[in-house]
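**Q** sequence first, then the predicted structure:
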Amino acid sequence: MQSKYRRIDYKKSSDIEHVVITGSVGIQAIKNFCIELFHEDHASSSTNAVLLQPHDPKPDLEIFMQKHKKLMIYLAGDPLAGEDLSRAKV
């Protein structure tokens with residue numbers, strides 16, 4: 001059975017931009033990027049982060065994502081597959 005991260009899609013909104021994070025990125029790098037992206041000093045309160053990674057998230061990343069659940073979504077998939085890029089609204 002596939003995980004929920006392989007079944008969900010990012011729901012794009014016309015008034016909210018999003019950035020897609022993919023590639024070989026470590027958990028700490030993802031945390032640092034998102035902390036900077038969502039920092040109150042930046043005008044990115046209307047920006048979401050879509051993490052498209054080839055595997056399900058590790059437990060510590062899932063805990064981190066709970067803090068930013070309205071701003072982040074994790075998709076497990078292949079960034080070279082059209083179906084997965086479509087799920088990320090690329």
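**A** Ah, there it is.

**Q** list the buried residues for the lengthiest strand in the chain?
**A** Among all segments of the chain classified by DSSP state E, the strand with the greatest residue count is strand 47-53. For strand 47-53, burial by neighbour count (16 or more other Cβ atoms under 10 Å) applies to 48-53. (Each C-beta comes from the backbone N, C-alpha and C, glycine too.)

**Q** which residues does it contact?
**A** Contacting residues not belonging to strand 47-53 are listed as 10, 16-22, 25, 30, 33-34, 37-38, 57, 68, 71-77, 79, 84-85, 87-89 [Cβ atoms under 8 Å, 6 or more residues apart in numbering].

**Q** those, buried ones only, as a PyMOL selection?
**A** Selecting only the buried entries of the contacts of strand 47-53 in PyMOL, with 16+ other Cβ under 10 Å as the criterion:
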select buried, resi 10+18+20+21+22+30+34+37+38+57+68+71+72+73+74+75+76+77+79+84+85+87+88
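
**Q** in helices only, show me the contacts of strand 47-53.
**A** Mapping the contacts of strand 47-53 onto helices (DSSP state H) picks out 30, 33-34, 37, 84-85, 87.
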